[in-house]
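Visitor: please work out how this folds:
(2 chains)
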Protein chains: 2
Amino acid sequence: MSETALISSEALPRGFQFAAVKAGIKPSGKADFAVAVADAGTSAHPIGPTAGTMGTPGASAAAMFTANRVQAAPITVGRRHLERSRGRVRVVAVNAGNANCATGAVGITACEQVSKAAAETFGCEGHEVFPSSTGIIGVPLPWEKLVAALPEVRKELAADVEGFARFAQAILTTDTRAKVAHDRFEVDGKTVRVAGVCKGAGMIHPRMEPAASGLHATMLVYLFTDAVVEPEVLDGFLRDAVEVSFNRISIDGDTSTNDTVLLLASGASGVRIGEGGEKFAGALTSVCTSLAKQIVADGEGVTHVVELVIDGAPSDADALTVAKSIAHSMLVKTAWAGADPNWGRLMAAVGYSGVAIDPEKIAIWFGELPICVNGGRAPEYDEEAAHAYLQKREYSIRIALGVGEGRCRFWTSDLTAEYVRINAEYST
Amino acid sequence: MSETALISSEALPRGFQFAAVKAGIKPSGKADFAVAVADAGTSAHPIGPTAGTMGTPGASAAAMFTANRVQAAPITVGRRHLERSRGRVRVVAVNAGNANCATGAVGITACEQVSKAAAETFGCEGHEVFPSSTGIIGVPLPWEKLVAALPEVRKELAADVEGFARFAQAILTTDTRAKVAHDRFEVDGKTVRVAGVCKGAGMIHPRMEPAASGLHATMLVYLFTDAVVEPEVLDGFLRDAVEVSFNRISIDGDTSTNDTVLLLASGASGVRIGEGGEKFAGALTSVCTSLAKQIVADGEGVTHVVELVIDGAPSDADALTVAKSIAHSMLVKTAWAGADPNWGRLMAAVGYSGVAIDPEKIAIWFGELPICVNGGRAPEYDEEAAHAYLQKREYSIRIALGVGEGRCRFWTSDLTAEYVRINAEYST
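Guide: Sure thing, here's the model as predicted:
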């Protein structure tokens, strides 16, 4: 698996075309409308309830959306379309620069207009279009600009790495770089490819729920595979992979109204994957984990990426609660920004997490360095060494609670003056 | 009631003496050891279980401590002393510069040594001494320095405004100014006085629990009155006042391991206050609310103090949950720092609070300015006016959820680059 922003032609999942154009939504004038189109479908992947009836089944699809109760219009519409198409998608239409959130009925109409126009352009039904938006909240989406850009999108579409790279670039907002991950494996001499792109940067604390339940975020993730997978099977793979990747990161603790993870399976590899397919699960989890960590690394103003390993908690859920309490502590995050080994702030955040801990059983390590034992300063504590360790760009902190078997791994970042500058800037 | 840092001789509660000296705990060399001594007791306030038996009942006392499960040694010891003395205190001994937290058994011993020495100095029992500490966590408290300073404390003690002011100054850490509030009322021609001092600045999100339950913070509050009040009655007044004041503020969402609110009643006014005493409750609440707001106003790096008024929530508890979700959102707080009327961030924070809201019923006002109605931008929305309003140092934001009768008032602050600078500085 590669974490670079590049992808080779061999690694690119078959069965999809990509494009990105300048629709005029981003004030910067950069490309802001990214589109992926799944092949109409061939006998190589005659699956799903609509197979054979329309001739244009597109890709199998599974999606997860933010748990925020305030949801952007594309979340509402995307969920509705997936239900109506019974988990099949032909077109993914993503705009950056405007989140189309808190925009009321007008926002829903905007989504439907874009979907309708895209369906006409690419020869499918409106509910086979999956819309996404990211950007400012509360400002009506100028959907006419997206519709007007569709002819250019059709012209640009290509099943090549350049198209994929342009797609990866166009969905970005305050991100500083495109985020791509990919993996592949062989089954009976045939190659199955999994690749994904995402954007993040701010308002990052995804709490993703299956499409069937309720909410949305500003993390957008698009995963593509050429495996043959039924939509409901795909859904199970996606839930498992998201739980240990995107649901294990936080930059600022703000769960967005637009967070979306979409996984499409074109079937073009001809390799059918059933429930429990370990190789597929491994490749998907690997891609998701890489993308999740890339999001943290490219977070707004981030200068340190911190892996938290919590163990000895009463339960796994408790371990996650402790990790989030630490990851959301402004005092912990500012100490990290200064490479300050102020472990008392970690203790405080563990203490107010609400988890039934015993302070006198807590032990802390920065990498291999013992920091705290039995709730007090470790005898071997070496402040200079701790300070030096925390100056690394990426490091690991382990907190052993000593009361149970619960554990988790979580990735978060420091809080810098640059984060404040980016988000305090009054831009409009 | 005055919010200035000064207090007149007429407003100073009778029955207490105050002092503050330089014990050498603060690296700055400033006064760091504050002591208050309640008069030994006279026939004017023969109350409490020990009245008449020892001749030195001191003051009635009620305390609340942080809900953090990691607690500083003085919290453990203070709670133990109050139990043993059945709610009576002769001496309050506060050091700033070292929190005596995460210091294990050594920390408890340090507290006991200071208490023992103070008891000898002022002629009372060790458990009639109430210790407090604030400052860095995880570093052993040099208690010998406090013991060595006691003779000077005794020399300095005075029942005057200068002593009170020195006490208020010595308990500060990163605070920029002393915080004092006071109120008084008359009963049958006799004056009852209530006055308080506090420190705050960072790690401020008090969640105070009665002394009988579990936890601790870096907000320290000392309240004094010369009313005659039984300890258990005093406790009821304190709980009610704290709930609508200190438990309604947050600067950074970090609940400290040392938070303490102590209320002492000397009885020197000769006016007995029983349960439900409205004038006393009013004066106490007024003093606590003033101090709570002063803490927010003097928070680390704070440039805006924001009053949140949440109404229409399913319950009062839900309204508080929504207020805290907003108050702890880094994106909301950084927008405030930039006077950015980005109300979408408020919507997102309401949405991920977990409270059962209906986005389409939400309305938002900045002061009198309509910002959002039915979950969308208000027709009268005037961005320039909103931006200008948010440039005020103190302002009010009302969020009407429109689903129930629950409400609350909460005070919080913005998040500035200066807060990051203060807390990212590696000082040791």
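Visitor: skip the chain neighbours and tell me the closest residue to the closest residue to chain B within the stretch 201-350 of chain A.
Guide: Closest to chain B within the stretch 201-350 of chain A is A:Gly344: 2.4 Å, counting by CB to the nearest CB. Placement of C-beta: from N, CA and C, glycine included. What sits nearest to A:Gly344 in space, not counting adjacent residues and going by CB to CB, 6 or more residues apart in numbering or on different chains, is B:Ile137, at 2.4 Å.
Visitor: look up phi and psi at that neighbour.
Guide: Backbone torsions of B:Ile137, given as degrees, to the nearest 10, read phi -100, psi 140.
Visitor: that one contacts B:Met203, correct?
Guide: No. The criterion here is CB atoms under 8 Å, and B:Ile137 misses it with B:Met203 at 9.3 Å.
Visitor: between these two, who's got more neighbours?
Guide: B:Met203 (35 against 27; other CB atoms under 10 Å in any protein chain shown).
Visitor: that one is in contact with A:Met330, isn't it?
Guide: No. Assessed by CB under 8 Å, B:Met203 is found out of contact with A:Met330, at 9.1 Å.
Visitor: which neighbours do those two have in common?
Guide: Residues touching both B:Met203 and A:Met330 (CB atoms under 8 Å, 6 or more residues apart in numbering or on different chains) are B:Asp252, B:Asp254.
Visitor: can you pull the domain assignment for chain A?
Guide: A:16-297, A:305-424 (automatic domain parsing).
Visitor: go through these and name the closest to B:Thr289.
Guide: For the domains of chain A, distance to B:Thr289 was read as CB to CB. The smallest value, 23.4 Å, belongs to domain A:305-424.
Visitor: start and end of that closest one, how far apart?
Guide: Its start and end residues considered, domain A:305-424 measures 22 Å (CA to CA, to the nearest Å).
Visitor: in what helix or strand does the most centrally placed residue in chain A lie?
Guide: The centroid of chain A falls nearest to A:Val221 when counting by CA atoms, centre = their mean (4.3 Å). Assigned by DSSP states H and E, A:Val221 belongs to strand A:220-225.
Visitor: so what's the gap between that strand and the chain middle?
Guide: 8 Å (CA atoms, centre = their mean, to the nearest Å).
Visitor: near chain B at all, that strand?
Guide: No. Using CB under 8 Å from any CB of the partner chain, strand A:220-225 stays clear of chain B, coming no nearer than 15.3 Å.
Visitor: each with direction, which strands does that strand pair with?
Guide: Counting by DSSP bridges, the strands paired with strand A:220-225 are strand A:190-199 (antiparallel), strand A:260-265 (parallel).
Visitor: reformat these as a markdown table; add distance to B:Phe280, mean neighbour count and mean pLDDT.
Guide: Output for the strands paired with strand A:220-225, formatted as a markdown table (distance: least, CB to CB, whole Å; neighbours: other CB atoms under 10 Å in any protein chain shown; pLDDT from 0 to 100):
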| stretch | distance to B:Phe280 | mean neighbour count | mean pLDDT |
| --- | --- | --- | --- |
| strand A:190-199 | 58 | 24 | 95 |
| strand A:260-265 | 56 | 30 | 95 |
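Visitor: okay if I get these as CSV plus distance to A:Leu291?
Guide: Shown next, in CSV, are the strands paired with strand A:220-225 (distance: least, CB to CB, whole Å):
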stretch, distance to A:Leu291
strand A:190-199, 5
strand A:260-265, 9
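Visitor: list the contacts for the nearest residue to A:Ala73 once chain neighbours are set aside?
Guide: Of all residues not flanking A:Ala73 in the chain, A:Gly107 sits nearest, at 3.3 Å (CB to CB, 6+ apart). Going by CB under 8 Å, 6+ apart, A:Gly107 touches A:Ala72, A:Ala73, A:Asn100, A:Cys101, A:Pro140, A:Leu141.
Visitor: now those in CSV, with pLDDT and neighbour count?
Guide: Shown next, in CSV, are these (pLDDT from 0 to 100; neighbours: other CB atoms under 10 Å in any protein chain shown):
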residue, pLDDT, neighbour count
A:Ala72, 91, 36
A:Ala73, 94, 26
A:Asn100, 93, 33
A:Cys101, 89, 33
A:Pro140, 91, 15
A:Leu141, 95, 29
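Visitor: most widely separated two among these?
Guide: A:Ala72 and A:Pro140 (12.3 Å).
Visitor: need the residues touching each of the two.
Guide: Counting by CB under 8 Å, 6+ apart, the contacts common to A:Ala72 and A:Pro140 are A:Asn100, A:Thr103, A:Gly107.
Visitor: regarding A:His205, what is its secondary structure?
Guide: coil (DSSP: H, G, I helix; E, B strand; the rest coil).
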